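Colleague: Provide a 3D model corresponding to the input given below.
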Amino acid sequence: MHREAGLEQAIRAMGGVSALARSLGVAQPTVSLWRRVPSERVLSVEALTGLPRTVLRPDLYPAPTEHPANIDDIDRARSDEYALLASLLLTPPDANLLARLSSLQGSDDTLVGRAHAALGQAAAAASADDVAREYFHLFIGVGRGELIPYASYYLTGFLNERPLARLRGDMKRLGIERAAGHFDPEDHLGTLCEVMSGLAGNRFEIPASEEQDFFERHVAPWAGRFFADLKNAKAAKFYRAVGALGQLFIDIETEAFAMETRRSA
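Modeller: Alright, predicted model coming up:
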């Protein structure tokens, strides 16, 4: 039976069918019968192998599209910043991404530049295996991780509460659909950063005013607090720098939207 390229790469990365099956906690014949990575196993295989989901199942996770030509430099940078935070929150970085992040050490001497430099230094000092374990302890854990990156939990103390219902209503109204193969509730901060990246990058056909409204309804009330908690989490090493960058960026976004409101008043 012909295997798709993503599954073949995962098997090679793990050192064979037996090793992949053992790491996933399934029988070897189960994996032997796969033609491609099952949708419900994509994120687990991604975490184990370091292969991005866009490689494992490109049909479910197509590669990000380029920014539209008419986007200005500030919004392009904002979109990229949200996309970076989304990728680091949704899955631990692989060795290739850590290597790319390490080049941030020469960033410009601004607040964001210094936060990027700190992230680059953390990436240069980390290994993919160590960061994957850190990610597990922070966000998954045995039973639960140290932090729970969902709006409902931060705003109500419980999962799947009214903040999630409001978010789903707004996403439906705006015509924004959850990516195929995503099974986590949509109020995961990584998913919200993905949506904000699309809004800032002008990849959704919606009125410009909706971006600020979405941010103020679904991101501003809790994201800064989450990133502050991440920066100070006991298990955080590499992710301490992610928390610092995220907290700073959300503060900048909050002030920028507030200034826009004052200008239009």
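Colleague: Could I get the contacting residues of A118?
Modeller: Taking CB atoms under 8 Å, 6 or more residues apart in numbering, we find A118 in contact with A241, A244, L245. C-beta here means a position set from N, CA and C on the backbone, and glycine is covered the same way.
Colleague: Got a ChimeraX select line for the buried ones in these?
Modeller: Selecting only the buried entries of the contacts of A118 in ChimeraX, with 16 or more other CB atoms under 10 Å as the criterion:
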select :241,244,245
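Colleague: and of the contacts of A118, the nearest to L97?
Modeller: Ranked by distance to L97 (CB to CB), the contacts of A118 are led by A241 at 13.7 Å.
Colleague: from what I can see that closest one touches Q121, true?
Modeller: Yes: in terms of CB atoms under 8 Å, A241 counts as a neighbour of Q121; the distance is 7.5 Å.
Colleague: could you measure the residue nearest the centre of the chain against A244, distance?
Modeller: Centrality entry for the chain: nearest residue to the mean C-alpha point is A86, 2.5 Å, by CA atoms, centre = their mean. Separation of A86 from A244 (CB to CB, to the nearest Å) stands at 17 Å.
Colleague: Likewise for G120?
Modeller: 12 Å.
Colleague: Of all the residues in the strand or helix carrying A228, which ones are buried?
Modeller: According to DSSP states H and E, A228 maps onto helix 223-231. By 16+ other CB under 10 Å, the buried positions in helix 223-231 come out as A223, G224, F226, F227, A228, D229, L230, K231.
Colleague: what bits of this structure have low per-residue confidence?
Modeller: Residue ranges of the chain with pLDDT under 70: 1, 62-70, 105-108, 178-183, 265.
Colleague: Got the domain ranges for it?
Modeller: 5-56, 73-264 (automatic domain parsing).
Colleague: what's the span of the last one from first residue to last?
Modeller: Just to be clear, that refers to domain 73-264. 22 Å (CA to CA, to the nearest Å).
Colleague: Tell me the gap between that domain and the middle of its chain.
Modeller: Computed by CA atoms, centre = their mean, to the nearest Å, the chain-centroid distance of domain 73-264 equals 6 Å.
Colleague: still on that earlier bit, OK, contacts around the residue nearest to the centre of the chain?
Modeller: G190, T191, C193, E194, S197.
Colleague: Just the buried subset of these, written out for PyMOL, thanks.
Modeller: A single PyMOL command suffices to select whichever of the contacts of A86 are buried according to 16+ other CB under 10 Å:
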select buried, resi 190+191+193+194+197
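Colleague: could I get the contacts of A86 as TSV with distance to R144 and secondary structure?
Modeller: Formatted as TSV, the contacts of A86 follow (distance: CB to CB, whole Å; DSSP: H, G, I helix; E, B strand; the rest coil):
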residue	distance to R144	secondary structure
G190	17	helix
T191	19	helix
C193	21	helix
E194	23	helix
S197	27	helix
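Colleague: list the contacts for R262?
Modeller: Contacts of R262 (CB under 8 Å, 6+ apart): none.
Colleague: What residues sit buried inside the host helix or strand of it?
Modeller: Assigned by DSSP H and E, R262 belongs to helix 238-264. For helix 238-264, the neighbour count (16+ other CB under 10 Å) marks 238-250, 253-254, 257 as buried.
Colleague: go on, stretch 160-176?
Modeller: Buried-residue list, stretch 160-176, by 16+ other CB under 10 Å: E161, P163, L164, R166, L167, D170, M171, L174, I176.
Colleague: of the buried residues of helix 238-264, closest to P207?
Modeller: Using CB to CB, the buried residues of helix 238-264 come closest to P207 at F257, 15.1 Å.
Colleague: element containing the closest residue in space to the closest one that isn't next to it in sequence, please.
Modeller: Leaving out its chain neighbours, the residue that sits closest to F257 by CB to CB, 6 or more residues apart in numbering is Q212, at 4.9 Å. Taking DSSP H and E as the definition, Q212 sits inside helix 209-214.
Colleague: Other residues contacting that helix?
Modeller: So helix 209-214 is contacted by D170, L174, V195, M196, L199, A200, F257, E260, T261 (CB under 8 Å, 6+ apart).
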